[in-house]
Each structure stands twice: as C-alpha cells, then as structure tokens.
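1. Have a look at this prediction, sequence included:
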Amino acid sequence: MKATPEIFIVVGEPSGDLHASLLVEELQARREVSISAVGGPRLKAVGADIVVDAGDWGAIGVADVLRRVPAYYAAMRKIVRRLVARPPDLLLLVDFSAFNMRLLRRLGPERRPRCLYFFPPASWRRKEGDWSSLARLTDCVATPFAWSEQILRKHGVNAHFVGHPVIDRVRPAEDVAELRRELGVPEDVLCVGLLPGSRRVERRLLGPVMLQAAELLADRHRSLHVLFSPPPTTAGGRDERLNLQRLEGRLTVVEDSTKIMQAADFIITAFGTATLEAAAALCPMISLYRGTPAMWLQWHLARPDTPYYAMPNIIANDLIVPELIQPRDTDAAGLVRAAAPLIEDKAARRRMIEALSTVRDALGPPGALKRTAELVLATMQPCEPGQVRAPGDGQCSNSN
C-alpha cells in the first residue's frame, strides 16, 4: 500500500454522496488519504477529485433511468478504464446497486481492486436471496441493518453490521421552542413540514399537491404554519410551477430538512431517505408516492414483493407510518384526510413517536461511520507475502 493510499469511491444518489462525504471525513481524521470519486457536491466539498460528476444521476422509474442510460454507459467505460489503468488501494462503493454491481461484474474478480461495499444491495430486505456474486466480487461489506449481516454471512459475504449513520446525524431537538425561534416560526403554532423529495420528477409530482393540501389545512386551522424544504442545488435549485406566495406569512422555507423534522409537529414526505431521517428525529409523518403513467405501469408490472414502502415501516416490519400510494389517496383532499388524526389527536402523535423510537433503536448505536472507517482501513491493508484473504471473514491467513 502506498504511503498515501488512494480510495476510489462510486456513488449515484444524493444520500450516497452525503454518507460517503461523512465517511471521508472520518478517514481523514485517522490518516492521510487520496480520494477520487464518481460523486456529487458533498464529496467534492471534502476534497475528492471528481472523476465523473454524478450530481444529477438520481432517477425514479424506467423512463427516468432510460434518458440517463447514455451518461451511465459512458461513465461505466470511463470508470473501468481508470480502475484498470490505475488501480486504487480500495474501491469503495456506496449504495446505487444497479450501477455498482454492474461495475463489479464488468471488472470481474481478476481486474477489480480490493473492494468494500457500504450500503450493499437491498440491505433493507429481510428475505433470503442469492448473494454469491457479492461474496465473489467484494472483500468486505458494511451494512446498516443487523438482519442484513446475518443473511449475507450465510452466503459467504464478509458482512459487518455497522449501524446506520443517520443516528449520528439526526437527533430529536433538545429544545423545540428555541429551534422555532431560530427559524422565525411562532412557538405556539401547529407546525407542518413539507418534503417533496430531492429528485426533479418527485418534486414536480409531489410539490403542487403538498402545497394544495397545506392551503386547505391552513384554511381550516388558523394557527397552522408550514415549513417547506426547497430543492437541492443539484436538482436545479428551484421548483417550477410552485407558488409559495399563496401561503405568504404562513410558510417558511428551510434549507436544512433535518431542522424541519426537529421543529415540526409532523411532516408530509416522499418515500425514501427522508422517512428514515424523520424516524431518527422522532418526527411523526405521512409518507406518499405519486408517479407518472409510465412509473405506474412499471409498478403494476413489477409489483415489488414487500408489504411496506416507507423505511420506518420496513424496519419495524409493521405499518406505523401512513403510506399513501393510490391516486385517490395522494391528491390534496387525500393528504388532508390523512393529516386529520395527527392534527386532532395528540395521543396519536405520541403513539407514533413511541413506535419511531423503536425504529431508531433498531438502527444501531451511535458511531456507524467510525466503525465503517475502521473497516475501510483494515480492508485496504494488504496481506503479508504468502497469505491470502479469506472470503468468509476477510482475515489474512497462510495460503497453505
């Protein structure tokens, strides 16, 4: 291993860019490392040399993926050439399994560098699967869910449960009143957060209906105030066809979505990472999904074999957070109906908070990124001459 080891990181979603950037900071606190990456603005901010900009790679549905295929294909060729011509000390893959597993198969066991996979494919699933390729193509896997470690180890994967980094990053507010003062929000109002997602297609489909529902709720509840999460700069930095002025004086735009979760009485959010962050903040929520006709066709044809879609429900294996999927439930009137129990029944909010606390506990103890950084450094360390790395536990041992 070189005096300053090189780590090559591949991410493809904003959440992966965030997790990877925080992991890089943990690594930099331990030793000097050189970071090259397929990533976005957060990895760039911590000093990574961005080989391919993946800031706008996030996609939902077949149609959204298809329009990005040329960019994905060109990036795949560039990455493979780079890794073969200049192998890093470690290839660090973060989530984005549709692309990253293809990358590993393209490289194959012979050409790939030593590899650690953080947030492995479908780590949230509790069902068995065939993970032989993951065992063959990686040296170590760091998974955020305890059941994932157990399932993967059965298939020979050197998997380690490290916990979920959201626990360190998102906590319940210590003083909600103080936080609301910081945001310029009255302390004694009913506060509702709107999080339409980070991808353009999500915001186009969810943003208008969320605002329409907020207007209806504001008409019914004069003390209601709305906290609105704007799009990230990688999504274009602005929303089209959204008129926030209609709630002027009763709406506050908050850049940091975690502060919305900490300050709000409840939130209305897209499926995805935000639901997990809200669970970590112990914030009651309503989760929903709206799709284009092509996305709905894909959903009906594929019909995922999971009873739940929101991450808190998947982790709890129970319906503790409302999931709105059908069109009749995801229009403005449907959102108002779903919000009624959380507005009118404080006990219902308390029960959801209690259930979310069990979800937070299931995400493991604090220190996920520290444990992952230790795995990265251990995996990057080469075996001594005459030793080989065992596929089951990743330990070096004599080849004979």
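-> Looks like it arrived, so ask away.
2. domain assignment for the chain?
-> Domains of the chain are assigned by automatic domain parsing as 6-165+367-398, 175-362.
3. Columns mean neighbour count on top of those domains, output as CSV?
-> Every residue, glycine included, has its C-beta placed from N, CA and C. Below are these laid out as CSV (neighbours: other CB atoms under 10 Å):
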stretch, mean neighbour count
domain 6-165+367-398, 19
domain 175-362, 18
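4. Make JSON lines out of the ones you listed and add mean pLDDT.
-> Shown next, in JSON lines, are those (pLDDT from 0 to 100):
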{"stretch": "domain 6-165+367-398", "mean pLDDT": "89"}
{"stretch": "domain 175-362", "mean pLDDT": "89"}
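5. quick one: terminal-to-terminal distance for stretch 25-38?
-> 17 Å (CA to CA, to the nearest Å).
6. correction: stretch 102-120
-> By CA to CA, the extent of stretch 102-120 from end to end equals 13 Å.
7. How about the contacts made by His164?
-> Each residue near His164 by CB atoms under 8 Å, 6 or more residues apart in numbering is listed here: Pro144, Phe145, Leu276, Leu363, Gly364, Ala368.
8. distance of it from Tyr73?
-> Between His164 and Tyr73 the computed distance is 32 Å (CB to CB, to the nearest Å).
9. Also Pro365?
-> 41 Å.
10. Val141 now?
-> Counting by CB to CB, the gap between Val141 and Tyr73 amounts to 26 Å.
11. just Glu174 next, same as before
-> 48 Å.
12. Name the residues that touch stretch 312-325?
-> Residues outside stretch 312-325 that contact it (CB under 8 Å, 6+ apart) are 124, 126, 145, 271, 275-276, 278-279, 285-289, 306, 308-310, 330, 334-335, 338, 352, 355-356, 358-359, 362-363.
13. Let me fix that, I meant to ask about stretch 355-362.
-> So stretch 355-362 is contacted by 145-146, 167, 278-280, 282-284, 312, 315-316, 318, 320-321 (CB under 8 Å, 6+ apart).
14. Greatest separation within these: which pair is it?
-> Ala146 and Pro284 (25.0 Å; CB to CB).
15. Past the longest helix belonging to the chain, which element shows up next along the chain?
-> When the chain is parsed with DSSP state H, its longest helix is helix 200-220. Downstream of helix 200-220, the next assigned helix or strand under DSSP states H and E is strand 224-228.
16. Going by contacts, tell me the helices and strands next to the helix or strand just after that next one.
-> The helix or strand immediately downstream of strand 224-228 is strand 251-253, counting by DSSP H and E. If you count contacts as 3 or more CB pairs under 8 Å, 6 or more residues apart in numbering; DSSP states H and E, strand 251-253 packs onto strand 224-228.
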